[in-house]
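With the sequence up front, the predicted model follows.
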Amino acid sequence: MRGLEAENFKPWHQRSFEERQDQPGDYEAQAGQGPISLHSEEHLVTSDKGIGLQRRMLRRALETVAAGGNPPGVSFEESVVVKVPSGNFYSARPCR
C-alpha cells in the first residue's frame, strides 16, 4: 500500500524533491500556482462565476465605505445589538 509508506510520515523538509512532486502537500498546492496574477491575465470560465460575484460584492462594499457608509453586515449604531448565546451552535430564535 503506497499510502502507508514511510515517506508519507517524513516532515516536509526531510522529503526529497521527487517525494514532494509525487505526493504534494499544502505548500506545493499554494506555491505551484505561482505569484498572484493580474485579473486582466485570467481566463475565467463558467465554473468561476463565484469569483466574479465575490469581486463585485467586494467592489460595492469598498465603494459604500468610501462614500461614508457602513460595510455590509456591520452596524456601528448602538441601538443595534446582536446577542449570541455561548455554545457550539447558532439558533435563529431571539435571545432574551
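Perfect, thanks for sending it. On a predicted model such as this, the values are computed, not experimentally measured, just so you know. Residues are numbered from 1 along each chain as shown.

Now do Val65 against Phe76, distance only.
According to CB to CB, to the nearest Å, Val65 and Phe76 sit 12 Å apart. From N, CA and C alone the C-beta is placed, and that goes for glycine too.

Among the two, which residue is more densely surrounded?
Ranked by neighbour count (other CB atoms under 10 Å), Val65 and Phe76 place Val65 first, with 13 against 7.

Show the pLDDT at the more buried one.
Listed pLDDT for Val65 reads 93.

what's the pLDDT at the nearest residue to it once chain neighbours are set aside?
Once flanking residues are discounted, Val65 sits nearest to Pro71: 5.5 Å by CB to CB, 6 or more residues apart in numbering. In this model, Pro71 is scored at 87, pLDDT.

And the helices in the chain, which stretches?
Ranges of helices in the chain, per DSSP state H, are 17-22, 26-31, 49-66.

Could you list the low-pLDDT ranges of the chain?
Where the chain drops to pLDDT under 70, the residues are 1-8, 84-96.

Swap in 50 and give it another go.
When residues are selected by pLDDT under 50, those of the chain lie in 1, 7.

circling back to that earlier point, contacts only, for the residue nearest to Val65.
Each residue near Pro71 by CB atoms under 8 Å, 6 or more residues apart in numbering is listed here: Ala61, Thr64, Val65.

who's in contact with stretch 27-47?
Counting by CB under 8 Å, 6+ apart, Trp12, Arg20, Gln21, Pro24, Ile51, Gly52, Arg55 sit against stretch 27-47.

Most neighbours among these, which one?
Of the contacts of stretch 27-47, with other CB under 10 Å as the count, Arg20 tops at 14 neighbours.

Spatially, what comes nearest to that residue if we skip its sequence neighbours?
Nearest non-adjacent residue to Arg20 (CB to CB, 6+ apart): Glu28, at 6.1 Å.

so how far is Thr46 from the one you found?
27 Å.

Counting neighbours, go ahead and name the busier of those two.
In this view Glu28 and Thr46 are compared by other CB under 10 Å, and Glu28 has more residues nearby, 13 against 5.
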